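**Student:** Curious how this folds, go ahead:
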Amino acid sequence: PVSRSVKCERVGGQLYKGVCFKSTKLFSNRDAPPPRCKIFLPTKRWTEHDWWQLAKMFRPGPGRMASRIDRNKDGGRCDNHGAVLSFTEGSRVKTWVNRKVFEFSPTDRGETCSLYNGGGTV
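**Tutor:** Take a look at the predicted model:
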């Protein structure tokens, strides 16, 4: 039998805690699954540490993401999209996480629940 890791690699994904993930750049505030992929929300209670691990896996390149989350209201912990998470590149990392997967809130001052937070949103 083919392992889950090999199956994930075959579709261009990366495995994290047994779940195969693929990323895509966003250009608007709507779900945009990669070609030939279905949206799947794992039943997890992941923390900010898990978010960082996933963000590191999918950042576009070294030096393209700050080392801390911009905790203003852009993004948030919401369930209005099917994605697991999104984040922006650059010095102000704005993030959106799916409340069905994550138990931490990336914002301190309310939330816009916007999946897309400007150019460079992954």
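
**Student:** and His49, that's in a strand?
**Tutor:** No - if the criterion is DSSP: H, G, I helix; E, B strand; the rest coil, then His49 is helix and not within a strand.

**Student:** okay, now it: neighbour count?
**Tutor:** Neighbourhood size, His49 [other C-beta atoms under 10 Å]: 9. Yep, even glycine has a C-beta here, placed from its N, CA and C like the rest.

**Student:** What confidence value was assigned to the residue positioned nearest the centre of the chain?
**Tutor:** Nearest to the mean C-alpha position of the chain, by C-alpha atoms, centre = their mean, lies Leu85 at 2.6 Å. pLDDT recorded at Leu85 is 96.

**Student:** So what sits opposite it in the bridge?
**Tutor:** Judged by DSSP bridges, the bridge partners of Leu85 are Val97.

**Student:** Report the contact partners of it.
**Tutor:** Applying C-beta atoms under 8 Å, 6 or more residues apart in numbering to Leu85 gives the contacts 51, 54-55, 95-98, 101-102.
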